[in-house]
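J.: how would this look folded up:
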Amino acid sequence: MIDIKFLRNNPDIVKENIKKKFQDQKLVLVDEVLDLDNQFREAKNRGDYLRSQRNSISKQIGFYMAKGQKEEAEKAKAQVNSMAQELLELEQKETTLQEEIKKRMMVIPNIIDDSVPIGKDDSENVEMEKFGEPFVPSYEIPYHVDIMESFDGIDLDSARKTSGNGFYYLKGDIARLHSAILSYARDFMIDRGFTYYIPPFMIHSSVVNGVMSFAEMENMMYKIEGEDLYLIGTSEHSMIGKFMDTITPEEKLPICLTSYSPCFRKEVGAHGIEERGVYRIHQFEKQEMIVVCKPEESMEWYKKLYTNTVDFFRSLDIPVRTLECCSGDLADLKVKSCDVEAWSPRQKKYFEVGSCSNLGDAQARRLGIRVKGAGKENYFAHTLNNTVVAPPRMLIAFLENNLNEDGSVNIPKPLQMYMGGKTKITK
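T.: Here you go, the predicted structure:
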């Protein structure tokens, strides 16, 4: 949510930003907000004037009573009563107008950074940089589920019976590899100075509305029936919510956290849940990183965050690239975002394994995350988040890039201590 003062003073910039995101249907919202804001300020000014007059007249009543001027006192009382009724109506009007303004402000997209490429959808995202040499071996790379099944490491049939499509049982060495990757990711981020967290896996609607847009919520979140609780789609939701309605001393910034959680997603409007695969699923686990920082430092942290993911994958010898998200592919709260994509030797292309986002002060403004500056007014923090790793999707890239011709899979050195010293897994 952008600052209404900014919209009030720069409506053309807000409209141009909406056009850059190819959401022309929202242009009318800017004029509606300006009109409602004018009505709100008129009502507030009138209310402030009446309160001032009421206080002045109330003092006169005491003066009249002391002088025995009852008739004048009664007239003054009548004036105060009349003002009280009008004030009540004005307060109700102010509340209604505030709600209408907020409803529109919540769907007006955040102002994107000038460096964001302009494009309608993800097909117009722009490659930034490649890391590592993509390699296609001379032997065939099977589908990832076939690789897992060759180690008796996955059971999709049983999961379909218990839970439906989009769920899975991992077992044996594949399950152990899954856990090893998460353990390594945890320690990788701790070594980079991030504090490790395990957050709540359910959050209230007030937090959901603070961390994401309504459209994202509808497409992603599972609601707990009969309770004001939602299953998290990523630990970022809980971790940013942790700072709701807080004021942090400026000297304590930046706050750098890394969190583990299971993630639950409806995936409505996505490309579809696979019947046989673990690329797009309803339940998975993830190691995340979150930063709360000063506004002037957020772009520097943005680069640091996606570099952490690149370094993590490269430490496991997996080629990756970074892809700048264009304006039309950015969620409404984001100022700037990029995807990290891993190389798939089987498909001979890259696929998404993580996403890094700078949300500016959008989440902070919605959730009341403020910073106490030295010798100046409190201000809203900037928030950022990024995926360290999200298996089992990452397992696809790992297995394909470490598969040998004999069907065994190499275990890179950083993972060996988490795999009981194994250097490879075999059938």
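J.: remind me which helix or strand the residue nearest to Leu90 when sequence neighbours are not counted belongs to.
T.: Excluding the flanking residues, the one nearest Leu90 by C-beta to C-beta, 6 or more residues apart in numbering is Gly47, at 4.4 Å. Any C-beta I mention is one placed from the backbone N, CA and C, and that applies to glycine too. Following DSSP states H and E, one finds Gly47 within helix 27-67.
J.: what bits of the stretch 1-150 of the chain have low per-residue confidence?
T.: 58-59, 61-64, 66, 73-74, 76 (pLDDT under 70).
J.: ranges for the helices of it?
T.: For the stretch 1-150 of the chain, applying DSSP state H, counting those that start in this stretch gives helices covering 4-9, 11-20, 27-67, 70-105, 144-150.
J.: deepest of those helices, which one?
T.: Mean neighbour count (mean count of other C-beta atoms under 10 Å) peaks for helix 144-150 among the helices of the stretch 1-150 of the chain, with a mean of 20.
J.: tell me who's in contact with the residue nearest to Leu90.
T.: 87, 90-91, 94 (C-beta atoms under 8 Å, 6 or more residues apart in numbering).
J.: before we move on, the earlier item: distance to Ser357 added to the helices of the stretch 1-150 of the chain, as a markdown table?
T.: What follows is those, written out as a markdown table (distance: least, C-beta to C-beta, whole Å):
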| stretch | distance to Ser357 |
| --- | --- |
| helix 4-9 | 21 |
| helix 11-20 | 17 |
| helix 27-67 | 23 |
| helix 70-105 | 20 |
| helix 144-150 | 27 |
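J.: which of these sits closest to Leu395?
T.: helix 144-150 (7.0 Å; C-beta to C-beta).
J.: how far is that closest one from where the chain is centred?
T.: From the chain centre to the centre of helix 144-150 is a distance of 33 Å (C-alpha atoms, centre = their mean, to the nearest Å).
J.: start the count at 45, not 1, going forward
T.: Okay, using 45 as the starting number, the last item reads as helix 188-194.
J.: helices or strands up against that helix?
T.: Applying 3 or more C-beta pairs under 8 Å, 6 or more residues apart in numbering; DSSP states H and E, one finds that helix 188-194 contacts helix 437-446.
J.: just the CA atoms of the helix it packs on, as CSV, please.
T.: Taking C-alpha atoms only, helix 437-446 is exported to CSV below (Å, rounded to 0.1, in the frame of the first residue of the first chain):
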residue,chain,number,x,y,z
ARG,A,437,11.4,-28.9,-6.2
MET,A,438,15.2,-28.3,-5.7
LEU,A,439,15.6,-32.2,-5.7
ILE,A,440,14.7,-32.2,-9.4
ALA,A,441,17.7,-30.0,-10.2
PHE,A,442,19.9,-31.8,-7.7
LEU,A,443,19.1,-35.3,-9.0
GLU,A,444,19.4,-34.4,-12.7
ASN,A,445,22.7,-32.6,-12.2
ASN,A,446,24.3,-35.3,-10.0
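J.: what's downstream of it, the next helix or strand?
T.: Going down the chain from helix 437-446, the next helix or strand is strand 453-454, by DSSP H and E.
J.: may I see the buried residues of the helix or strand just after that following strand?
T.: Counting by DSSP H and E, the next helix or strand C-terminal to strand 453-454 is helix 457-460. By neighbour count on 16 or more other C-beta atoms under 10 Å, the buried set for helix 457-460 is 458-459.
J.: next SSE after helix 457-460?
T.: Downstream of helix 457-460 (by DSSP H and E), the next one is strand 468-469.
J.: what's the average pLDDT for that following strand?
T.: Averaged across strand 468-469, pLDDT comes to 96.
J.: next one: stretch 425-441
T.: Per-residue scores along stretch 425-441 average to 95.
J.: re the thing from before, turn the contacts of Gly91 into a markdown table, including distance to Cys369.
T.: Shown next, in a markdown table, are the contacts of Gly91 (distance: C-beta to C-beta, whole Å):
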| residue | distance to Cys369 |
| --- | --- |
| Leu131 | 49 |
| Leu134 | 45 |
| Glu135 | 43 |
| Glu138 | 39 |
